[in-house]
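# Just the structure for this:
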Amino acid sequence: MSFQAYLDTIEERTGLTPRALLEIAREKGFDAPEAKAGDVVAWLEEDYDLGRGHAMALWHVIRNGPTIPGTHVGTTGPHRDASTELWLDGKATRPAS
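Below is the predicted model:
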């Protein structure tokens with residue numbers, strides 16, 4: 001599954017865009033330097049029934065922003081992403097590639 005696909009699935013399962021979830025995460029203090037990935041995993045499991053993989057994708061964005069390494073950009077494997085920039089504003093508003 002691509003990184004963007006993880007975020008799209010999070011949106012489908014929660015009804016919230018990744019950007020909306022990032023705002024909630026900030027309100028909960030998960031962007032603080034001392035925040036732990038396990039806290040985000042527990043929050044997303046408890047409130048939204050999301051698994052570890054999806055939680056870790058969001059954790060990456062909380063910690064690093066929407067830019068991902070180009071490792072899988074332009075490849076043909078199952079983890080390929082179209083861009084190093086993730087779209088956080090919802091599938092319906094994502095520009096066509």
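# So, low pLDDT: which residues of this protein?
Applying pLDDT under 70 to the chain flags residues 97.
# Give me the most central residue, the protein.
Closest to where the C-alpha atoms of the chain average out (CA atoms, centre = their mean) is residue 58, at 3.2 Å.
# how about residue 6, what does it touch?
53, 54, 57 (CB atoms under 8 Å, 6 or more residues apart in numbering). Every residue, glycine included, has its C-beta placed from N, CA and C.
# about what we covered before: looking at it, the residue nearest to the centre of the chain is touching residue 17, isn't it?
No - contact criterion CB atoms under 8 Å: residue 58 and residue 17 do not qualify, at 11.4 Å.
# Residue 82 reaches residue 72, doesn't it?
No - assessed by CB under 8 Å, residue 82 is found out of contact with residue 72, at 9.8 Å.
# Between the two, tell me which one has more neighbours.
Between residue 82 and residue 72, counting by other CB atoms under 10 Å, residue 72 is the more crowded of the two (17 against 14).
# give me every residue that touches that one.
Per CB under 8 Å, 6+ apart, neighbours of residue 72: 2, 3, 79, 80, 81.
# do that again at 6 Å, thanks
Counting by CB atoms under 6 Å, 6 or more residues apart in numbering, residue 72 makes contact with 79, 80, 81.
# Count the neighbours of residue 26 for me.
Neighbours of residue 26 (other CB under 10 Å): 12.
# Same question for the one 4 residues further on.
Number of residues near residue 30 (other CB under 10 Å) recorded here: 21.
# what sits against it?
40, 62.
# Show me where the protein has its helices.
Taking DSSP state H as the criterion, the chain contains helices spanning 3-14, 18-27, 37-48, 52-64.
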